[in-house]
Structure formats: C-alpha cells, structure tokens
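> Requesting a structural model of the entry that follows:
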Amino acid sequence: MNTNWLLVALCSLAVPIASAQNGVSAFEFGFEQRVRTENWNNLFDYGDSADDQRNQIRYRTRVWGKAGLTDNIDVYVGLVQETNQIVVPRSPYRFDEVAFEHAYIDIKKLFVKGLSLRVGRQNIMKGEGFLLLEGNPWDGSRSIYFNAADLAYTWKKSKIELIGISNPRTDRYLPQIHDRSRQLIEWDEQALGTYYTDNNLKNTNVEAYYFYKKEVHDRRAPTNFQFQPDRHVNTAGGRVVQKLGRGWEATGEMALQWGHQRPSTSIAGWGGYSYLKKSWKTTWKPSASAGYWGMSGDDPATRDRVEGWDPLFARWPKFSELYLYSLFREKGVGYWTNLGMYQAEFLFTPAKPLTGRLTYYRMNAFHTFPQGDTRIFGSGTGRGNMYQARLDLTLNKYWKGHALYERVSPGTFYAQRAPSYFVRFEAIFTIKGNFGSSH
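The predicted structure is shown next:
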C-alpha cells in the first residue's frame, strides 16, 4: 500500500480552503539553542578490552515561525541544525546540515464543525510514545518529525484521527542546507492508521488504535544479520488510564502485531506495560510508581515466523539514553524488542525550580541472541540492572537544563560483565515572540 496519495490529496484540500478565507493573524517566532555534553563508556559491548569511551558536545539550533493566514488556518515552518563535536576520541569538527524540522499547514476547521487537518512535516506523539513519537531515529536527538497528514474529528471529549505517514530512508521531500545525505532510518517507511481518544468518563481516559505499516528497501547486504526483508505489519491495541482516588492512578497499554515478511515469514508480536502510581500533596510533591514493560522477542528456533515486537515509530530513549545505544548491536539503535523490564521510579520537587527522578530497571530478554557477535552476547537472558538519576532545573522562561546519570550492570545476556555508564549535562536557551494581529 502506498500512502503518498493520501498526503498529496490532503495537501490539495488546503489550497482552495485557504484562498477562500480573508484576514491576517499574528506571526509567532522562536529561537532555541541547546548545548549538551555527553560522556559514556562500555555501552556497546560491556567489556573493557576495547577502548570505546566517548566524550562529545552536541550543539542544536532551532528557529521557527508560525503565521496565521486566517482565524482557522496556520502555517508553521521550522529549521534545525545539530553538530556533534567529538572530543574523545578526537575527531575533526564538521558543521552538519540544516534541515526542515517542521513545514506544515494547520486547518483548524475543515468543512464541518469538529473536523480539522494538519498536513506536512510535523511532530506526532500519542499516549506515552509507546507506539508513536519518533519518525527518524537515526538523526539522534536532532528531531522527531514525521512527513504526515492528520485528519481529525472531535466531538464532546472524543477524538478520532486518520493518520498517513511517509518517512523515507533519507530526506527527499524538502531541501537541506549543506546537505550531508544523512540516513534517517534503515529502510523506507509508510503507514496508515487511526487513533481514537476518549475522555468522556470522569476518572478514565481511553485510547485505541490500529496501524498498517510498510518497511521496505533495506540497503544493507542480505548477508548482514541485521538485514530486514520487506515487511508489512499490522498493529492494534489500546491504552487506559484510571484515576483511583487519594493520589492513586493505574495505567496500562497492550498491542498485538501480525503481518508478513518476505518471502513467506509470518509476524506475530506483542508489546505492553502496566504500572501503578501514587502521588502525595506534601512538601517536595513526591510520587512513586512501579510496573512492568514487555516487548516480545524473536525466537531463534523458529525460522518461518518473526515473534519480535516491532516498535513502529517509538525508537526513542523512552526508557534510557544509555540502553538506546546498546540495542544498536542487536536489531538497531533504539529498537526496543526482546525485552522485559520491572521498573520502580520516584519523583520529587525539592525546590520550585528543581525536579528530580530516581529510576531502577531489572531487565531481561525473552530469548538469547545467538546470531550476534559472541564477543558481545552471551548464552543467558539476564540483561542486567539499570540505575538512573536525573535533576532538572528551570530558571525562567529563557533558561533551563538538566543533569543525567545512568549505569548498567550487565547480566548473562552479555559475554562480558564490565558496567557501562552515561553522563549528560544540558543547557537550553529559548526566546519566543509575536507581532501583528488584524482582521
């Protein structure tokens, strides 16, 4: 199935509607400069035999503007550039490309009340990002955009969306300045799906979804163990958040996958999570949560079926910045699959500008990974223990930042037992403004 026709058709709707409207609205603009320093070691192989320590500084610059063509139509355009200066091992400084992070038209009223359309390059996040958040995982933390059309109908406290997505391996839809032909993902991706959100019940939020996705044209050699033949996968599931009173809240999400992979391999995966959270209205505003996250793994003993969870558009550091890179030697960077985790987390606010987080994961695999490098992967299923600590500081509307520390003590899933660590410091400066408003 090709979803390009959907993007073109929905784009064409915007032109006659915009030309039929009159008036000029406000213009909003913004600038953001983010600087990160990162230091990590052993997160690819969990061994001290190879010197894989890295220290780097990441500079990301973003500029954007939004023009209100009418009361109902906005146009949003944003540019982004991120350059990594690698200090250890020493690498030459190379200014990276400038890309369009956003370029979309937002029609807030389309034909009938409650019907809206956003089409173009845009960010999309649903729920906790378990299924839908990251459109291009290989560009790091530069952007998360999708080339998409989102047709939505809202009534009362319900919303249903028809979403079409087309994300190629490299950007071919919009030009780049100082083009570096960056790879955004391992293959070309297209998807069409629907997402339903219901907030009509007082203490219950419900979400349900179905997506059909194609992952095709992997450029790697078929002899590469990470090579993926053309794949068509269906994903259906739902999410429920239930407020239980007295600061208690329960959340759960579950999804099933089916489809086929060339030439004749069937797909049967699952993924989900559930956790319980308790909040206290006391000094420091603490909250604690505990739960379990699971993404099915591919059984190496079955050759006619793929049982591993396909994270679709969720290859982002939801659980860990460190482990995002560790997965690179398995299916791919941020490819959350073959993973079961018990999680415990504590949040607190010691002072108004500060928030803190302490998190622990007990990680396991459902299956061993014999197709990987035996110098990295062992014969067990214990991935190990992961510890995280994070402190966020918001000084004012212009300045904010955070410090993050992560550590993994590896288990039997790995051949070596050297612990890994990831340390990051971040500072962000943001300025926003607007001018003009007449009708």
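> going forward, measure contacts and count neighbours with C-alpha atoms only.
Noted.
> so who does the closest residue to residue 182 other than its chain neighbours touch?
Nearest non-adjacent residue to residue 182, counting by Cα to Cα, 6 or more residues apart in numbering: residue 170, 6.2 Å away. Contact analysis of residue 170 by Cα atoms under 8 Å, 6 or more residues apart in numbering lists 181-185.
> For residue 170, give the beta-bridge partners.
Applying DSSP bridges to residue 170 gives these bridge partners: residue 183.
> As a check, name the ranges of all helices in the stretch 1-150 of the chain.
Under the criterion DSSP state H, counting those that start in this stretch, helices of the stretch 1-150 of the chain are mapped to 4-19.
> repeat for the stretch 201-350 of the chain
Under the criterion DSSP H, counting those that start in this stretch, helices of the stretch 201-350 of the chain are mapped to 321-326.
> Correct me if wrong: residue 247 contacts residue 282.
No - counting by Cα atoms under 8 Å, residue 247 sits too far from residue 282 to count as a contact (11.4 Å).
> Looking at the two, which one has more neighbours?
Each of residue 247 and residue 282 has its neighbours counted (other Cα atoms under 10 Å); residue 247 has more, 12 against 7.
> Just give me the residue closest to the centre of the chain.
Here the mean C-alpha position of the chain is nearest to the C-alpha of residue 134 (Cα atoms, centre = their mean), at a distance of 3.3 Å.
> list the contacts for that residue?
Contacts of residue 134 by Cα under 8 Å, 6+ apart are 124, 144-146, 313-316.
> all strands of the stretch 151-300 of the chain, in order?
158-167, 188-198, 204-216, 231-245, 248-261, 265-279, 287-295 (DSSP state E, counting those that start in this stretch).
> Not counting the third one itself, show me its contacts.
To tie it back to what came earlier, the one meant is strand 204-216. With Cα under 8 Å, 6+ apart, strand 204-216 has contacts from 1, 127, 187-199, 229-243, 312.
> returning to what we had before: what about the contacts of residue 134, which are in strands?
Among the contacts of residue 134, the residues falling in strands (DSSP state E) are residue 146.
> With distance to residue 351 and pLDDT added, can I get the contacts of residue 134 in TSV?
What follows is these, written out as TSV (distance: Cα to Cα, whole Å; pLDDT from 0 to 100):
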residue	distance to residue 351	pLDDT
124	32	98
144	31	97
145	34	98
146	37	98
313	36	98
314	33	98
315	33	97
316	29	97
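> distance of the residue nearest to residue 182 from residue 104?
Here the criterion is Cα to Cα, to the nearest Å. By it, residue 170 lies 19 Å from residue 104.
> next one: residue 166
Residue 166 sits 14 Å away from residue 104, taking Cα to Cα as the criterion.
> Pick out whichever of these two has more residues nearby.
Shown here are residue 166 and residue 104; by other Cα under 10 Å, residue 166 has more neighbours (24 against 21).
> what's the average pLDDT for stretch 281-296?
Model confidence over stretch 281-296, given as mean pLDDT, is 97.
> cool, stretch 432-439 as well?
The average pLDDT within stretch 432-439 is 73.
> ok, residue 412 - contacts?
378-384.
> I meant to write residue 117 there.
10, 106-110, 149-152.
> if we go to 6 Å?
Contacts for residue 117 (Cα atoms under 6 Å, 6 or more residues apart in numbering) come out as 107, 150-151.
> and what of residue 384?
Residue 384 neighbours (Cα under 6 Å, 6+ apart): 363, 409-411.
> So what touches stretch 264-280?
With contact meaning Cα under 6 Å, 6+ apart, stretch 264-280 is reached by 247-260, 286-296, 304-309.
> how many neighbours does residue 292 have?
Considering only other Cα under 10 Å, residue 292 is surrounded by 18 other residues.
> I meant residue 404, not that one.
Residue 404: 18 surrounding residues under other Cα under 10 Å.
> Quick check: closest non-adjacent residue to it.
That would be residue 390: by Cα to Cα, 6+ apart, it lies 4.5 Å from residue 404.
> any idea which helix or strand carries the one you found?
Using DSSP states H and E, residue 390 falls within strand 382-394.
> So what's the model's average confidence on the helix or strand following that strand?
Where DSSP H and E defines the elements, the next helix or strand beyond strand 382-394 is strand 399-410. The pLDDT scores in strand 399-410 average 98.
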